[in-house]
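Enquirer: The sequence and its predicted three-dimensional model are supplied below.
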Amino acid sequence: MDITFAMDGFSGTEHAVPIVPLQKDIVHLYAQSGISYTPTLLVSFGGPFAVDYFLNNEIGLKDKKLRRFMPPNLITQRVAQSNQVEPEQHIFGQVANGAKKILDAGGNVALGGMAKCKACKSSLGDVGALRWGYGQSGCVTCRYTRGRQSHWSG
(Lines give C-alpha, C1' and ligand atoms only; values in the text may rest on other atoms or scores of the structure.)
Protein backbone atom coordinates (compact mmCIF):
# COMPACT_ATOMS: atom_id res chain seq x y z
CA MET A 1 0.00 0.00 0.00
CA ASP A 2 2.83 2.44 0.82
CA ILE A 3 4.28 2.11 -2.66
CA THR A 4 0.95 2.72 -4.38
CA PHE A 5 0.52 5.91 -2.33
CA ALA A 6 3.70 7.28 -3.94
CA MET A 7 2.65 6.07 -7.40
CA ASP A 8 -0.87 7.52 -7.07
CA GLY A 9 0.34 10.97 -6.06
CA PHE A 10 -0.53 11.03 -2.37
CA SER A 11 1.12 13.90 -0.52
CA GLY A 12 2.33 11.73 2.33
CA THR A 13 2.46 8.36 3.99
CA GLU A 14 2.95 7.43 7.62
CA HIS A 15 4.81 4.39 8.93
CA ALA A 16 7.84 2.72 7.48
CA VAL A 17 7.82 0.68 4.31
CA PRO A 18 7.68 -2.81 5.89
CA ILE A 19 10.61 -4.23 3.94
CA VAL A 20 14.16 -3.33 4.94
CA PRO A 21 16.61 -2.38 3.72
CA LEU A 22 15.02 -0.10 1.14
CA GLN A 23 16.24 -0.86 -2.34
CA LYS A 24 17.25 1.76 -4.89
CA ASP A 25 14.00 1.54 -6.88
CA ILE A 26 11.85 2.37 -3.82
CA VAL A 27 14.23 5.12 -2.71
CA HIS A 28 14.00 6.77 -6.14
CA LEU A 29 10.23 6.28 -6.37
CA TYR A 30 9.72 8.07 -3.07
CA ALA A 31 12.23 10.80 -3.89
CA GLN A 32 10.87 11.49 -7.37
CA SER A 33 7.18 11.26 -6.48
CA GLY A 34 7.41 14.12 -3.99
CA ILE A 35 5.60 12.16 -1.30
CA SER A 36 6.50 12.95 2.31
CA TYR A 37 7.75 9.77 3.95
CA THR A 38 7.08 9.61 7.68
CA PRO A 39 8.64 6.43 9.09
CA THR A 40 7.43 6.41 12.68
CA LEU A 41 10.50 4.77 14.19
CA LEU A 42 8.95 3.72 17.47
CA VAL A 43 6.35 1.71 15.57
CA SER A 44 7.87 0.37 12.35
CA PHE A 45 6.02 -2.37 10.52
CA GLY A 46 8.12 -5.25 9.26
CA GLY A 47 9.87 -5.86 12.57
CA PRO A 48 9.59 -5.52 16.33
CA PHE A 49 8.47 -2.13 17.58
CA ALA A 50 11.42 0.00 18.68
CA VAL A 51 9.43 1.18 21.69
CA ASP A 52 10.12 -2.23 23.26
CA TYR A 53 13.85 -1.76 22.71
CA PHE A 54 13.81 1.57 24.53
CA LEU A 55 11.62 0.31 27.35
CA ASN A 56 13.67 -2.84 27.87
CA ASN A 57 16.87 -0.80 27.97
CA GLU A 58 15.20 1.84 30.16
CA ILE A 59 16.10 4.62 27.75
CA GLY A 60 14.27 7.80 28.66
CA LEU A 61 12.49 6.34 31.68
CA LYS A 62 14.29 8.62 34.13
CA ASP A 63 13.04 11.73 32.33
CA LYS A 64 11.90 14.38 34.85
CA LYS A 65 8.78 15.30 32.90
CA LEU A 66 7.77 11.67 32.61
CA ARG A 67 8.31 11.10 36.34
CA ARG A 68 6.22 14.15 37.17
CA PHE A 69 3.15 13.15 35.16
CA MET A 70 3.30 9.33 35.15
CA PRO A 71 3.10 7.37 38.41
CA PRO A 72 6.05 5.00 38.89
CA ASN A 73 3.77 1.95 39.09
CA LEU A 74 2.42 2.67 35.58
CA ILE A 75 5.93 3.03 34.20
CA THR A 76 6.90 -0.27 35.81
CA GLN A 77 3.76 -1.91 34.41
CA ARG A 78 4.49 -0.71 30.86
CA VAL A 79 8.07 -1.98 31.05
CA ALA A 80 6.81 -5.36 32.32
CA GLN A 81 4.36 -5.58 29.39
CA SER A 82 6.97 -4.80 26.75
CA ASN A 83 8.10 -7.56 24.42
CA GLN A 84 11.54 -9.04 24.97
CA VAL A 85 13.26 -9.12 21.60
CA GLU A 86 16.85 -9.91 20.68
CA PRO A 87 18.61 -6.62 19.82
CA GLU A 88 19.64 -7.77 16.34
CA GLN A 89 15.97 -8.35 15.41
CA HIS A 90 15.14 -4.65 15.69
CA ILE A 91 14.88 -2.83 12.38
CA PHE A 92 14.60 0.83 13.45
CA GLY A 93 18.22 1.45 12.42
CA GLN A 94 17.55 0.11 8.94
CA VAL A 95 14.34 2.16 8.73
CA ALA A 96 16.26 5.30 9.70
CA ASN A 97 18.91 4.45 7.15
CA GLY A 98 16.22 4.11 4.45
CA ALA A 99 14.81 7.51 5.39
CA LYS A 100 18.26 9.02 5.00
CA LYS A 101 18.63 7.41 1.56
CA ILE A 102 15.33 8.97 0.46
CA LEU A 103 16.40 12.34 1.83
CA ASP A 104 19.81 12.10 0.13
CA ALA A 105 18.06 11.29 -3.16
CA GLY A 106 16.11 14.55 -2.91
CA GLY A 107 12.98 13.20 -1.26
CA ASN A 108 10.94 14.49 1.66
CA VAL A 109 11.20 12.85 5.06
CA ALA A 110 8.92 13.94 7.88
CA LEU A 111 9.08 13.30 11.59
CA GLY A 112 6.28 11.22 13.06
CA GLY A 113 5.54 10.65 16.71
CA MET A 114 3.46 7.80 18.02
CA ALA A 115 1.36 7.62 21.14
CA LYS A 116 2.25 3.91 21.34
CA CYS A 117 4.75 4.66 24.09
CA LYS A 118 2.37 6.24 26.58
CA ALA A 119 4.65 5.31 29.48
CA CYS A 120 7.53 7.26 28.00
CA LYS A 121 5.91 9.71 25.60
CA SER A 122 7.61 12.76 27.05
CA SER A 123 11.06 11.42 26.32
CA LEU A 124 10.29 9.21 23.31
CA GLY A 125 7.89 11.37 21.34
CA ASP A 126 9.00 13.34 18.28
CA VAL A 127 12.28 14.58 19.69
CA GLY A 128 12.91 11.15 21.23
CA ALA A 129 12.48 9.56 17.80
CA LEU A 130 15.13 11.90 16.48
CA ARG A 131 17.48 11.50 19.39
CA TRP A 132 17.17 7.79 20.00
CA GLY A 133 15.68 6.25 16.88
CA TYR A 134 17.87 7.99 14.34
CA GLY A 135 20.79 8.56 16.69
CA GLN A 136 21.02 4.97 17.94
CA SER A 137 20.89 3.70 14.37
CA GLY A 138 24.34 5.15 13.78
CA CYS A 139 23.39 6.36 10.32
CA VAL A 140 22.17 9.87 10.99
CA THR A 141 22.84 12.72 13.31
CA CYS A 142 20.47 15.62 13.23
CA ARG A 143 19.67 18.97 14.66
CA TYR A 144 15.97 19.56 15.21
CA THR A 145 14.51 23.04 15.14
CA ARG A 146 10.83 23.27 16.08
CA GLY A 147 8.73 24.66 13.24
CA ARG A 148 11.63 24.80 10.82
CA GLN A 149 13.38 22.46 8.48
CA SER A 150 15.44 19.74 10.10
CA HIS A 151 19.10 19.70 9.16
CA TRP A 152 20.59 16.27 8.63
CA SER A 153 24.11 15.01 8.24
CA GLY A 154 25.26 11.45 7.99
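Expert: Cool, the structure landed. Residues are numbered from 1 along each chain as shown.
Enquirer: Let me see the mean pLDDT of the longest helix that the chain contains.
Expert: The residue-count maximum for a helix in the chain (DSSP state H) belongs to helix 92-104. For helix 92-104, mean pLDDT is 88.
Enquirer: which helices and strands sit right next to it?
Expert: helix 24-33, strand 108-109, helix 135-137 (3 or more CB pairs under 8 Å, 6 or more residues apart in numbering; DSSP states H and E). Every residue, glycine included, has its C-beta placed from N, CA and C.
Enquirer: per-residue confidence at the residue nearest to the spatial centre of the chain?
Expert: In the chain, the centroid-proximal residue (CA atoms, centre = their mean) is residue 41; its distance is 1.6 Å. The score at residue 41 is 78. That number is its pLDDT.
Enquirer: Ok, residue 34 next?
Expert: 94.
Enquirer: And residue 142, by the same measure?
Expert: pLDDT at residue 142 comes out at 45.
Enquirer: could we number from 31 for the rest of this?
Expert: Taking 31 as the first residue, the last one we looked at is residue 172.
Enquirer: quick one: the strands in the chain?
Expert: Assigned by DSSP state E, the strands in the chain fall at 42-44, 66-68, 138-139, 171-173, 181-183.
Enquirer: okay, and for the protein, where does confidence drop off?
Expert: 31, 89-90, 142-184 (pLDDT under 70).
Enquirer: if you set the cut-off to 80 instead, what comes out?
Expert: 31-32, 71-74, 81, 84-97, 99-100, 141-184 (pLDDT under 80).
Enquirer: if I look at the residue located most distally from the centre of it, how far off is residue 122?
Expert: Largest separation from the mean C-alpha position in the chain: residue 103, at 26.5 Å (CA atoms, centre = their mean). Per CB to CB, to the nearest Å, residue 103 is found 28 Å from residue 122.
Enquirer: returning to what we had before: the residue farthest from the centre of the chain and residue 95, how far apart?
Expert: In terms of CB to CB, residue 103 sits 18 Å off from residue 95.
Enquirer: again, but for residue 128
Expert: Taken as CB to CB, the span from residue 128 to residue 95 is 31 Å.
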